[in-house]
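*Asks:* Let's see this in three dimensions:
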Amino acid sequence: MRVRGWLAVPAVLALSGCASEEAIRRRDAPYERASVRGGELLTPAITEACRDRLLERIKDMEQSTAFAPSVLGARIMMLKRYSDFFTGEPKVPADQLLVIVAQFRGPSLGLKQKGTFGCSYRIEGDRLVLLDVLLSGDFYIQRGYI
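*Replies:* Predicted coordinates for the structure are as follows:
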């Protein structure tokens, strides 16, 4: 019994490193490029417009952190909104997708509620084109299917 347990350890260690650091860097590289490029194009007027659009949708909330580009947010939005469900083909190239996010707080049933909200943009030349307003639930990934 103990021998089988010890034989399983190398198999688990071998499988735990399936996503190497290099593979993760390659996966995130286009989103990193878009975040850097989009960060250069991001102006206070653009973030104010995003905040105003969000506050139209989420009443009684207030912004608690500044907007910032999010690589993880862009990856999640690419999976959930900007790629074809069946083929996985991107509708927006990954190196042209910018997602900016900020934390918002507000009352909810007498308690303080907070969440991550933001906007997604497509980088076209030297300007950002608004794609969508992103609510807190948009950043969650469903792991199981029934």
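*Asks:* tell me, what residue is most central in the protein?
*Replies:* Central residue check for the chain by C-alpha atoms, centre = their mean: the C-alpha nearest the mean position is that of residue 73, 0.7 Å away.
*Asks:* Pretty sure that residue sits against residue 140.
*Replies:* No: taking contacts as C-beta atoms under 8 Å, residue 73 lies outside contact range of residue 140: 11.6 Å. In short, each C-beta sits where N, CA and C put it, glycine included.
*Asks:* pull the longest helix from this structure.
*Replies:* Among the elements of the chain assigned as helix by DSSP state H, the one spanning the most residues is helix 21-41.
*Asks:* Name the residues that touch that one?
*Replies:* Contacts of helix 21-41 with the rest of the structure, by C-beta atoms under 8 Å, 6 or more residues apart in numbering, involve 69-71, 74-75, 78, 93-98, 100, 121, 123, 126-128.
*Asks:* Please compute how far it lies from its chain's middle.
*Replies:* 12 Å (C-alpha atoms, centre = their mean, to the nearest Å).
*Asks:* got the buried residues for whichever helix or strand comes after it?
*Replies:* Counting by DSSP states H and E, the next helix or strand C-terminal to helix 21-41 is helix 44-57. By neighbour count with 16 or more other C-beta atoms under 10 Å, helix 44-57 contains the buried residues 46, 47, 50, 51, 54.
*Asks:* which ones are touching the nearest residue in space to the last one that is not next to it in sequence?
*Replies:* For residue 54, ignoring the flanking residues on the chain, the nearest one in space by C-beta to C-beta, 6 or more residues apart in numbering is residue 117 at 5.2 Å. Shown in contact with residue 117 (C-beta under 8 Å, 6+ apart): 54, 58, 61, 101, 102, 103, 104, 133, 134, 135, 136.
*Asks:* before we move on, the earlier item: excluding chain neighbours, give the residue nearest to the residue nearest to the centre of the chain in space.
*Replies:* Nearest residue to residue 73, sequence neighbours excluded (C-beta to C-beta, 6+ apart): residue 99, at 3.9 Å.
*Asks:* What is the burial count for the one you found?
*Replies:* When neighbours are defined as other C-beta atoms under 10 Å, residue 99 has 29 of them.
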